[in-house]
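Engineer: Got a predicted structure plus its sequence, pasted below:
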Amino acid sequence: MPLRTTLRFPFPTEPALYVCICNALNERKVREAMASCPGSVARIYKHHGCVPQCGKCVPVLRDMVRECGFTLTPEPLPAA
Ligand code: FES
């Protein structure tokens, strides 16, 4: 089943949904990271100074990177 994300640019005015519960990253924070360091899921975590905990958000983050038109750069995820 494909993952569904709703991406809107520029930033939405309504409250942003949480993408990563473990690190409290919502859509707005993820877009902010993609704008300043696009192309990889690892850079999203790095931008916010966190690392993946359970990893359940990784597929959604990958989809968001692709749906925003960035080529996904293979990069190892930061370790805890
Ligand atoms: S939901 Fe993102 S690491 Fe757990």
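Structural biologist: The structure has been received and is ready for your questions. Residues are numbered from 1 along each chain as shown.

Engineer: CA atoms for contacts and neighbours, from now on please.
Structural biologist: Will do.

Engineer: burial measure for the residue nearest to Arg66 when sequence neighbours are not counted, as a count.
Structural biologist: Spatial nearest neighbour of Arg66, excluding adjacent residues (CA to CA, 6 or more residues apart in numbering): Leu72 at 6.4 Å. Other residues lying near Leu72 total 15 when counted by other CA atoms under 10 Å.

Engineer: Leu72: what's it in contact with?
Structural biologist: Leu72 is in contact with 39-41, 62, 65-66, counting by CA atoms under 8 Å, 6 or more residues apart in numbering.

Engineer: ok but it is inside a strand, no?
Structural biologist: No: counting by DSSP: H, G, I helix; E, B strand; the rest coil, one finds Leu72 to be coil, located in no strand.

Engineer: any idea how far it is from the ligand?
Structural biologist: Computed as CA to the nearest ligand atom, to the nearest Å, the Leu72 to the ligand distance reads 18 Å.

Engineer: Out of the contacts of Leu72, which end up buried?
Structural biologist: Using 16 or more other CA atoms under 10 Å as the burial test, the contacts of Leu72 include 39-41, 62, 65 as buried.

Engineer: mind listing what the closest residue to Ala79 other than its chain neighbours touches?
Structural biologist: Spatial nearest neighbour of Ala79, chain neighbours left out: Val51 (6.1 Å); criterion: CA to CA, 6+ apart. Neighbour list for Val51: 23, 45, 77-80 [criterion: CA under 8 Å, 6+ apart].
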